[in-house]
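**Q** Need a 3D model of the following:
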Amino acid sequence: MNSEKDIIIKYQGVELDRDGNNILSDINISICEGEFIYLIGKVGSGKSTFLKSLYYEIPFSKGSGRILDYELTSLKKKDIPFLRRKVGIVFQDFQLLIDRTAAKNLEFVLRATGWSNKGLIEMRIEEVLTKVGMQNKGYKMPHELSGGEQQRIAIARALLNSPEVILADEPTGNLDPETGTQIVKLLHSIAESGTAVIMSTHNYAVVQKYPGRIIRCEDGVLKDVKLNN
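**A** Below you'll find the predicted structure:
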């Protein structure tokens, strides 16, 4: 059993609205460091809404919550960028800048988040590219990379500032099954190194093959579930 000090995300009685409509209610959830979590549910069930609340793109309409050292109900505007540096985000459609190489994509993010030393920037880029198995592909433009390779670069980008949480929103959605499986294995290895990973997915095959904690979005609520084998 994880102790309270291991909990890095805690929601109590949280309600989330979008465009005046209630999406999720009565969220009571705790997530610990290094957990791998699958967030499952139908399209429109609230998965993305929950993920967006974790980096304060969608504020609470009710309840209280904490992520890392940040109380989300009293978060000051000036603190939002610092929270977001601790939360790595991986998108389904990669969202790489198409006019520069993979390495320059990573450099752009580092400079935008306050890095200025050229040597340290190059070292950090090499570290994250190696971690995702792309150490020899930094010079390539996004269009020269396969979908799986682009997603690996996107994961490298999410790792740049050593986040304590990775949010992966349907990261295998645009990939073939074999490539998608490789991305899930990579995300599991990141969780094993101590970074919590929350991955939304429709791909129940990988959920069965690479077990993790499962949280289902359904009927406006989040609940832990166990899938039948």
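
**Q** Checking the most centrally placed residue in the chain next. Helix, strand or coil?
**A** The centroid of the chain falls nearest to residue 167 when counting by CA atoms, centre = their mean (1.2 Å). Applying DSSP: H, G, I helix; E, B strand; the rest coil to residue 167 yields a three-state assignment of strand.

**Q** Check residue 88 too.
**A** Going by three-state DSSP: residue 88 is strand.

**Q** counting contacts, what elements does the helix or strand where residue 84 lies pack onto?
**A** Remark: residue 84 resides in helix 80-85, with elements defined by DSSP states H and E. With contacts defined as 3 or more CB pairs under 8 Å, 6 or more residues apart in numbering; DSSP states H and E, there are no secondary structure elements packing on helix 80-85. For every residue, glycine as well, the C-beta is placed using N, CA and C.

**Q** buried ones in it?
**A** Using 16 or more other CB atoms under 10 Å as the burial criterion, the residues of helix 80-85 that qualify are 83-85.

**Q** now do stretch 169-184
**A** 169-172, 174-175, 179-184.

**Q** got the contact list for that stretch?
**A** Residues outside stretch 169-184 that contact it (CB atoms under 8 Å, 6 or more residues apart in numbering): 47-48, 51, 89-94, 146-148, 151-152, 154-155, 187, 199-203, 205-206, 209-210.

**Q** how about the CA coordinates for the one helix or strand residue 119 maps to, as PDB?
**A** Under the criterion of DSSP H and E, residue 119 resides in helix 118-131. Coordinates of each C-alpha in helix 118-131 appear next as PDB, following Å, rounded to 0.1, in the frame of the first residue of the first chain:
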ATOM      1  CA  LYS A 118      23.900  25.600 -25.300                       C
ATOM      2  CA  GLY A 119      25.900  22.800 -23.900                       C
ATOM      3  CA  LEU A 120      23.300  21.800 -21.300                       C
ATOM      4  CA  ILE A 121      20.600  22.000 -24.000                       C
ATOM      5  CA  GLU A 122      22.500  19.700 -26.300                       C
ATOM      6  CA  MET A 123      23.200  17.300 -23.500                       C
ATOM      7  CA  ARG A 124      19.500  17.200 -22.400                       C
ATOM      8  CA  ILE A 125      18.300  16.600 -26.000                       C
ATOM      9  CA  GLU A 126      20.700  13.700 -26.400                       C
ATOM     10  CA  GLU A 127      19.500  12.200 -23.100                       C
ATOM     11  CA  VAL A 128      15.800  12.200 -23.900                       C
ATOM     12  CA  LEU A 129      16.400  11.100 -27.500                       C
ATOM     13  CA  THR A 130      18.400   8.100 -26.200                       C
ATOM     14  CA  LYS A 131      15.700   7.300 -23.600                       C
END
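
**Q** that older thread, who's in contact with the residue nearest to the centre of the chain?
**A** Taking CB under 8 Å, 6+ apart as the definition, contacts of residue 167 comprise 51, 54-55, 87-90, 198.

**Q** Give me the distance between it and residue 118.
**A** When CB to CB, to the nearest Å is applied, the distance between residue 167 and residue 118 equals 30 Å.
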